[in-house]
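*Asks:* sequence and predicted structure, then a few things I'm wondering about:
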Amino acid sequence: MKFLEHKAKEVFARYGIPVPGGVVASRPEDIVDPPLPCMVKAQVLVGGRGKAGGIRPANTLDEARTVAGEILGMNIGGYTVKQVYLEQRLDISRELYLSYTIDRSAREALLMASALGGVEIEAVPHEQIFMEHVPVLVGPQPYIWRALLRKLALPKEIGDQIVDIAWNAYNLFCKEDAELVEINPLAVTSDGRVVAGDAKLVVDDNAEYRHPEYAALDQDRTPLEEEAHAKGIAFIQLDGDIGVIANGAGLTMATLDVLNLKGGKGGTFLDLGGTDDPAKVAEAFELLLKAKPSAILLNIFGGITKADTVALGVKQAIDVMHAKVPVVARIKGVNEDKAKEILRGVGMFPAETIEEAAELAVKARRGAA
Amino acid sequence: MAVLLTKKSRVVVQGITGHQGQFHTRAMLDFGTKVVAGVTPGRGGQKIEGVPVYDGVDEAVRRKKANASIIFVPAAYAKDAVIEAVEAGIQLIAVITEHIPFHDALEFQPYARSKGVTVIGPNCPGIASPGQAKMGIMPNRIFRPGDVGVISRSGTLTYEIVNAITEAGLGQTTCIGIGGDPIIGTNMVEALARFQKDRATKKIVLVGEIGGTAEEEAAAFIGKRAMKPVVAYVAGRTAPPGKRMGHAGAIIQGGRGTAESKVKAFADAGVPVAQYPDDVASLVAAA
C-alpha cells in the first residue's frame, strides 16, 4: 500500500516525526485557510513532482487557489493530480536524507542516512551514505545512533533531533509493517529545527489484515486491477493486446516472455493460482475479457490442478460472455486429454507446449484482425 | 545422496487438518516420505491418512522423533508455527504459506538461523528429493531420481522445468523451491553451496525471476570458484518496472532487479541462460 505524501505525514505525526502541517484540497474553491506562505504540492504516487511543476510556492490565499487550480488535473508520470497539499513553507538551510527499507540480501532492516538530501539517494556518492542494518529482533541499539552521528558530522543540537526522528521512524517502520519509510528531504530549518520535508511510506500488502484502516487508500491501480484486487485475483494490465492467463506467478511471467519472443505482446498478467474451481476460473476469464484482448493465451501446468475442470471453467466463461475472442489453451496435467476435447468442442485451439501456444495466439490474433 | 531432505527425515505437518495439509500429507506419503506426525492445536488425538495428530510440535518431536516440518498454517499464524517448530528442536522447516507479512519473516528468519535451523520459503513449493522424500506441494509424477540439483524461486514454473528435465531422460537429486518472497530462509547462494558440496549432484539448474539481486549474487558466487556446471532461466524479461508480478519478491524497483541484469550476470559468470523454459532440459543435457 502506497501512501500519498499528506497521508504519510499523518502517520509520521502520530509517531512524533515533525512535519510542517497543511491542508488537503481537491478543488481550488475548497481552499479557505491554508498556512501562508505555503507550498502547493501535487499529491500523486510517483516521484518527480517538482521537476514536472507539481510543487510551487504561494504567498496569499488567492495565489494558493490559482496555483492549486493549475496543478490539479495535471498529468504527472501518467497520473492525474486529484488532490493538492498546501503545506506551510519552510525556511530550509540544508537538506538531509533518512530511510528504512528491507534489505532482501541481508534479510534485515536497513537504515540509510545522508547529510546530502533533497536529491534521489541513487545520485548521492556511496561514501556519503550511512548504511547500517538493524536486527529487528533486538531493535536499534545506541551504537547505531553514535555511528550515524559520526558519519553525518552535524552540530549536536541537530544530531539529537535526527536521532529522535530515526528512532520514531524505526518504530513506525515496524509497527506499521512498512516496506519503506523515506524522508527526503529531511529539512533543517534556518532556526535549527529538523522537519520531514517530504514523506514516502509503503506498507506491506500482506499485513493489510493488521491495518484495516489503510484498505481504503487510493492505489495506483486501473479500474480492472482494482476489481481484481477486490476479488483476490493477481492481475496486472500491460500494454500489449494478448490476454495472458496462467497458474503461478513465475509461469505467468515466463508465458509473457515466450509470447514476446514469438512476436506477440501480453496485455494482461493474470495468475490463476492453484485453483481448478470452474467458478473461479470463469471469474478470472470474465475479468480478462473486460480488458478486451485480441486473443487469449491460457497456459496451465497442472500439478494438482485438474486440467479438465479448468477447461470446463473456460468453456463456462466463454459461453456466458458470448465472447468471440480466439482462445489458445495449453493445459498440462491430470486429465489433459479430456481438457483438450472440451476446448476443441467450443472452438478453442489446444496446444502442446508454451511455445506452440504462443505461436498460435499470435496467429489467431492476426486472423481476428 | 541429496541435500537437506533425505529418506531419513522424519516429517511433521503443521496444519495437517486443513484442506491443503490433508491433501499433501497423502501425496507426501505416496512419494515415500516418512510423515510421522501432524500438528493442529486443539485437534490432537485424531489421525489423518493414518498419521497421528498432536496439539503441539513438541509432542510430535517427543513421541515420533520428528526432525523436519512443513508448514501449511494461514499467514497470520505462520510466525508462531515457525518459532514453535524451532523451539521444539526441528532442524529443517519448509514454509509453504503465502502472504506472510514481511516483518514477521524479518523476525522468524534470523531467529531460526540463530538456532542453527534451516528454513525454506516462505511462499514456496517446498523441497523434494526423488526416491527419498518430499516436503512440499510439487506434483509427484514430474520427478525422477538423477544427478541434477534444482533451485527455484517459483512454483509451477519449476514443475514445468523439472518435468522437461525428466522427459529428457534425466533426473534430480533434490529440487529446492526457495520461495517467491523478499525475505527467504535459504537463498540462492546457500542452496548453490549445498549442491556444490553434495557428491551425488553433478549439474545445477537455477530458476530465477525479476526482483532483488539473488541471481546476481549467485552469479558472483559461481564466478569465483570452480563449480559444477550450472544452467539458468530467468522469468520476467517483459515485466514492467514498479509492478509486483504475483510474487511479493518479483518487482523491479529503482532500476534494480531487472531480468537483463540477471541474464548478464549469469552470462558473465559463464552460466548458459535458456531463452525458453523448456530449453533448460537440453542445456542441462549438454552441460
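*Replies:* Noted; the coordinates are in hand. Numbers count the residues shown, from 1 in each chain, chains lettered A, B, ... in the order given.
*Asks:* not counting its neighbours along the chain, what's nearest residue 179?
*Replies:* Picking chain A for this. residue A:202 (4.6 Å; C-beta to C-beta, 6 or more residues apart in numbering or on different chains). (C-beta placed from N, C-alpha, C; glycine too.)
*Asks:* looking at chain B here, not the other one
*Replies:* residue B:124 (3.5 Å).
*Asks:* okay but the residue nearest to residue A:179 is in contact with residue A:1, surely?
*Replies:* Yes. With contact defined as C-beta atoms under 8 Å, residue A:202 counts as touching residue A:1 (6.8 Å).
*Asks:* if we can go back for a sec, quick one: the residue nearest to residue B:179 from residue A:363, how far?
*Replies:* Using C-beta to C-beta, to the nearest Å, one gets 36 Å for the distance from residue B:124 to residue A:363.
*Asks:* show me the contacts for residue 278.
*Replies:* If you meant another chain, say so; for now it's chain A. With contact taken as C-beta atoms under 8 Å, 6 or more residues apart in numbering or on different chains, residue A:278 is in contact with A:309-310, A:312-313, A:316.
*Asks:* hmm, no, I was thinking of chain B.
*Replies:* Counting by C-beta under 8 Å, 6+ apart, residue B:278 has contacts A:353-355, B:160-161, B:164.
*Asks:* switch the cut-off to 10 Å
*Replies:* Contacts for residue B:278 (C-beta atoms under 10 Å, 6 or more residues apart in numbering or on different chains) come out as A:254, A:258, A:353-355, B:160-161, B:163-165, B:167-168, B:233.
*Asks:* ok, back up a step: after the helix or strand where the residue nearest to residue A:179 lies comes which helix or strand?
*Replies:* In this structure, residue A:202 sits in strand A:200-203 according to DSSP states H and E. Sequence-wise, the next helix or strand downstream of strand A:200-203 (DSSP H and E) is helix A:223-231.
*Asks:* ok, and what's touching that next one?
*Replies:* A:205, A:218-219, A:221-222, A:233-237, A:268, A:270, A:280, A:283-284, A:286-288, A:290-291, B:243.
*Asks:* for whichever helix or strand comes after it, which strands pair with it and how are they oriented?
*Replies:* Next in sequence after helix A:223-231, counting helices and strands by DSSP H and E, comes strand A:234-237. Applying DSSP bridges to the sheet, strand A:234-237 is found paired with strand A:266-271 (antiparallel).
*Asks:* buried residues in the following helix or strand past the partner strand?
*Replies:* Using DSSP H and E, the helix or strand that follows strand A:266-271 in sequence is helix A:278-290. For helix A:278-290, burial by neighbour count (16 or more other C-beta atoms under 10 Å in any protein chain shown) applies to A:278, A:280-289.
*Asks:* need the contact partners of the strand holding residue A:202.
*Replies:* So strand A:200-203 is contacted by A:1-5, A:7-12, A:45, A:47, A:99, A:101, A:169, A:172-173, A:176-184, A:210-211, A:214, A:217, B:101-102, B:253 (C-beta under 10 Å, 6+ apart).
*Asks:* out of the contacts of residue A:278, which touch chain B?
*Replies:* Counting by C-beta under 10 Å from any C-beta of the partner chain, nothing from the contacts of residue A:278 sits close to chain B.
*Asks:* got the end-to-end distance for stretch B:95-110?
*Replies:* Distance between the two ends of stretch B:95-110: 15 Å, counting by C-alpha to C-alpha, to the nearest Å.
*Asks:* kindly report the same for stretch B:36-52.
*Replies:* Terminal residues of stretch B:36-52 are spaced 7 Å apart (C-alpha to C-alpha).
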